[in-house]
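K.L.:
this one's structure only:
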C-alpha cells in the first residue's frame with residue numbers, strides 16, 4: 001500500500017511538472033510573440049512617422065506653390081489694371097473712357113488672390129473685408145471717396161473661391177453702376193452691401209443705395225454688358241435677382257448654393 005501510494009504521488013508530481021513545463025512554454029511563447037509584435041509595431045510606427053513627415057513636407061511645398069500662384073495672378077491682374085488706367089488717361093471720348101474704367105474695376109479680383117496668398121486658408125476668403133477693399137478701389141477709380149460712402153453691414157463670412165469670385169464680380173458691377181448713375185452732379189450718398197448665409201446654407205446678397213433711382217420707361221444707360229454679366233453670374237450660382245426703386249435702388253439676390261453644387 002505504501003509503495004502504491006508513493007507511485008501515485010510520483011505520478012501526480014510528474015503530471016504537475018509536465019503541466020507546469022507546458023504552461024511555462026506557453027508563457028514564454030506568448031512573451032516572444034508579444035515581443036515580436038511590439039518590434040513590428042514599432043517598426044510600422046517608425047515608417048508611418050517617416051511617411052507623415054514626408055507628407056507634411058509635400059503639403060508645405062504645395063501650399064507654398066499655391067501661394068506663389070495666387071501671388072503671381074494678383075501681380076498680373078494689377079499690371080493689367082495699371083495698363084488700362086494708363087490707356088484710359090489718354091482717352092477723351094466719355095463713353096470709351098467709362099468702358100475703360102469699368103474694365104479696370106473688373107480686374108479688382110486681384111484683391112481676392114492677394115487675400116488668399118496672405119491668409120492661412122488658401123481655399124476660402126472672408127467676404128466682408130473683401131467687399132470693403134473692393135469698394136475702396138472702386139471709389140478711388142471714380143474719385144468719389146469724399147462724397148460716397150460704402151458700408152458693409154454684415155458679419156464675417158468665409159466663402160470658397162468658386163463662390164466668392166462670381167459674387168465679387170456681381171458686387172463690382174453694382175457698385176460701378178451706382179457710382180456712375182445713382183449720384184449725379186457730385187451728389188453725396190451711401191451704398192450698403194450685406195451678404196448672409198441662411199439656415200439651409202444658401203446665400204442672400206443685398207446692394208442698396210440712396211441715389212436717384214431709375215426712371216420708369218427710360219432706356220438703360222451704357223452698353224448693357226454689365227447687366228448681362230450680372231444675369232449670367234446669377235444663373236451660374238443658381239440664383240434669383242429682385243430689384244426695386246424706392247428712395248434709391250435696392251437689388252437683392254438669393255443664391256441656391258446647395259442646388260448648384
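P.N.:
Arrived safely, thanks for sending. For clarity, every value in this text was computed on a predicted model and none was experimentally measured. Numbers count the residues shown, from 1 in each chain.

K.L.:
taking the mean pLDDT, what do you get for whichever strand or helix holds residue 7?
P.N.:
Using DSSP states H and E, residue 7 falls within helix 2-89. For helix 2-89, mean pLDDT rounds to 84.

K.L.:
For the helix or strand immediately after that helix in the chain, name the packing helices and strands.
P.N.:
Next helix or strand after helix 2-89 toward the C-terminus (DSSP H and E): helix 94-106. If contacts are counted by 3 or more Cβ pairs under 8 Å, 6 or more residues apart in numbering; DSSP states H and E, helix 94-106 sits against helix 2-89, helix 127-141, helix 161-177. The way it works is simple: take the backbone N, C-alpha and C, and place the C-beta from them, glycine included.

K.L.:
Contacts for helix 94-106 next, please.
P.N.:
The contact list for helix 94-106 (Cβ atoms under 8 Å, 6 or more residues apart in numbering) reads 81, 84-85, 87-88, 91, 137-138, 141-142, 169, 172-173, 175-176, 180, 222-223, 225-226.

K.L.:
I would like a PyMOL command selecting only the buried ones among those residues, please.
P.N.:
Buried residues within the contacts of helix 94-106, by 16 or more other Cβ atoms under 10 Å, are selected in PyMOL with:
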select buried, resi 81+84+88+137+138+141+142+169+172+173+175+176+180+226
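
K.L.:
chain center to the helix holding residue 7: distance?
P.N.:
34 Å (Cα atoms, centre = their mean, to the nearest Å).

K.L.:
Which strands or helices does it pack on?
P.N.:
By 3+ Cβ pairs under 8 Å, 6+ apart, helix 2-89 packs against helix 94-106, helix 110-118.

K.L.:
Distance from the chain centre to the first one, please.
P.N.:
I take that to be helix 94-106. The answer for helix 94-106 is 28 Å, by Cα atoms, centre = their mean.

K.L.:
Identify each buried residue in that helix, please.
P.N.:
Of the residues in helix 94-106, 98-102, 104-106 count as buried by neighbour count, 16+ other Cβ under 10 Å.
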